[in-house]
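Enquirer: I'd like to go over a predicted model; first the sequence, then the structure.
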Amino acid sequence: MLTLVTGATGRVGSRFVPRLLQWRRTGEEVRVLVRDAERGGELARLGARIATGDLRDEEDVRRALAGVDAVVHLAAAFRDTSEEGTWSVNRDATLALARAAAAAGAARFVQASTNLVYGVGRGRPLVEDDASVPGGPMWGAYPASKAEAERGLLELHRELGLDVRIGRLAFVYGDGDPHLAQSLRWAGGWAAHQRLQLVHHADVAQGLLRLLRAPGVGGRAYNIADDAPVSAAELHWVNGAEVPAGMAERASADPWDGVVSNLRIREELGFRPQYPSVWTARDAGAL
């Protein structure tokens with residue numbers, strides 16, 4: 001089985017691919033699509049095949065997909081990207097990749113999405129069957145483009161039979177990722193009790209691997225998240241920062257906003273977070 005991973009040198013990919021290589025079974029191989037072969041050098045040393053090219057170039061993608069059995073699509077435009085660029089990568093290039101994968105005979109397509117696609121909160125943990133409702137404090141081009149990509153991928157699943165599996169990642173942290181510290185950019189303006197759903201890179205990796213290998217889950221979406229959302233006050237504590245004055249007096253319209261259930265992936269795929277909470281990761285020295 002040959003698996004192509006996009007976004008292999010990004011924030012998630014650079015931590016996922018080494019684990020994927022470590023967990024290979026007999027006969028499994030990994031190819032990564034990178035724009036710069038030099039940046040993929042460490043992954044090559046770990047055993048990955050390197051394909052160079054741009055995700056938005058049709059010929060580069062065709063070459064990268066040759067002989068591939070499965071795709072794990074991690075490439076994404078996140079922050080610090082123009083709105084046009086965000087849509088170009090997150091929706092247009094994603095759907096073009098999926099069509100090309102189907103044409104190349106790839107059996108499975110795992111899409112890394114985000115729990116931000118749910119948009120407006122529902123006053124309870126969000127579940128995978130909840131529709132995307134645009135709006136809410138974290139809505140913008142990134143979740144909107146990811147939601148559109150999901151809809152398009154599921155249409156390809158129905159129309160072309162492409163075996164699409166979607167993993168909706170919570171706020172990713174750990175393994176030296178500065179993302180957790182960066183959360184204070186906006187969490188400082190929240191109510192103290194407002195919570196953020198997290199997931200450690202180690203659990204992102206095991207969640208994506210379960211999506212990749214599980215039989216019979218085509219067309220399904222799964223929340224990949226830990227067990228214990230962390231409050232805005234705790235985000236400051238775990239980062240060693242002082243809690244802003246007046247935070248405790250602020251109110252929140254929906255304290256469940258952005259909080260998701262991981263029950264489906266637990267029950268259907270056997271997912272159990274290695275780091276059930278950020279405090280578990282802190283105690284293990286895995287931040």
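Expert: Perfect, thanks for sending it.
Enquirer: where in the chain is pLDDT low?
Expert: Along the chain, segments meeting pLDDT under 70 span 80.
Enquirer: quick one, helices of it?
Expert: 13-22, 41-45, 58-65, 83-87, 94-104, 141-160, 179-182, 184-187, 201-213, 232-238, 263-269, 278-283 (DSSP state H).
Enquirer: closest one to Asn115 among these?
Expert: Smallest distance to Asn115 across the helices of the chain (C-beta to C-beta): 8.8 Å, for helix 141-160. C-beta coordinates here come from the backbone N, C-alpha and C atoms, glycine included.
Enquirer: just the angle for that closest one relative to helix 94-104, thanks.
Expert: On the basis of axes from the mean of the first three to the mean of the last three C-alpha atoms, to 10 degrees, helix 141-160 is oriented at 30 degrees to helix 94-104.
Enquirer: got the contact list for helix 141-160?
Expert: Residues outside helix 141-160 that contact it (C-beta atoms under 8 Å, 6 or more residues apart in numbering): 76-79, 83, 86-87, 89-91, 94-95, 98-99, 102, 109, 111, 113-114, 116-117, 119, 132, 134, 162-164, 166, 218-219, 221.
Enquirer: quick one: which of these sit in strands?
Expert: If you go by DSSP state E, those have 109, 111, 113-114, 163-164, 166, 221 in strands.
Enquirer: which of the residues you listed lies closest to Arg264?
Expert: The closest of these to Arg264 turns out to be Ala221 (C-beta to C-beta; 8.4 Å).
Enquirer: beta partners of the nearest residue to the closest one once chain neighbours are set aside?
Expert: Computed as C-beta to C-beta, 6 or more residues apart in numbering, the closest residue to Ala221 that is not its neighbour in sequence is Ile166, at 4.0 Å. In this structure, Ile166 bridges to Gln111, Ala221 when assessed by DSSP bridges.
Enquirer: from Thr9, how far off is Ile166?
Expert: Ile166 is 22 Å from Thr9, where distance means C-beta to C-beta, to the nearest Å.
Enquirer: one more: Ala112?
Expert: To Thr9, Ala112 is 14 Å away according to C-beta to C-beta.
Enquirer: go on, Ala101?
Expert: In this view, Ala101 and Thr9 are 20 Å apart by C-beta to C-beta.
Enquirer: which residues touch Asn223?
Expert: With contacts defined as C-beta under 8 Å, 6+ apart, Asn223 is in contact with 115, 126-128, 168, 170, 260-262, 264-265.
Enquirer: count of residues packed around the residue nearest to it when sequence neighbours are not counted?
Expert: Closest residue in space to Asn223, ignoring its immediate chain neighbours: Val260 at 4.3 Å, by C-beta to C-beta, 6+ apart. By the criterion of other C-beta atoms under 10 Å, Val260 has 23 neighbours.
Enquirer: right, and Val260 touches Ala225 too?
Expert: Yes. Val260 is within contact range of Ala225, at 5.2 Å (criterion: C-beta atoms under 8 Å).
Enquirer: contacting residues for Leu95?
Expert: Contacts for Leu95 were tallied using C-beta under 8 Å, 6+ apart; they are 149, 152-153, 156.
Enquirer: just name the closest of these to Leu287, please.
Expert: So of the contacts of Leu95, ranked by how close each gets to Leu287 (C-beta to C-beta), first place is Ala149, at 30.2 Å.
Enquirer: so how far is Gly270 from the residue nearest to Asn223?
Expert: Noted for Val260: a distance of 18 Å to Gly270, by C-beta to C-beta.
Enquirer: span of stretch 248-258 from start to end?
Expert: Stretch 248-258 has its terminal residues 20 Å apart, counting by C-alpha to C-alpha, to the nearest Å.
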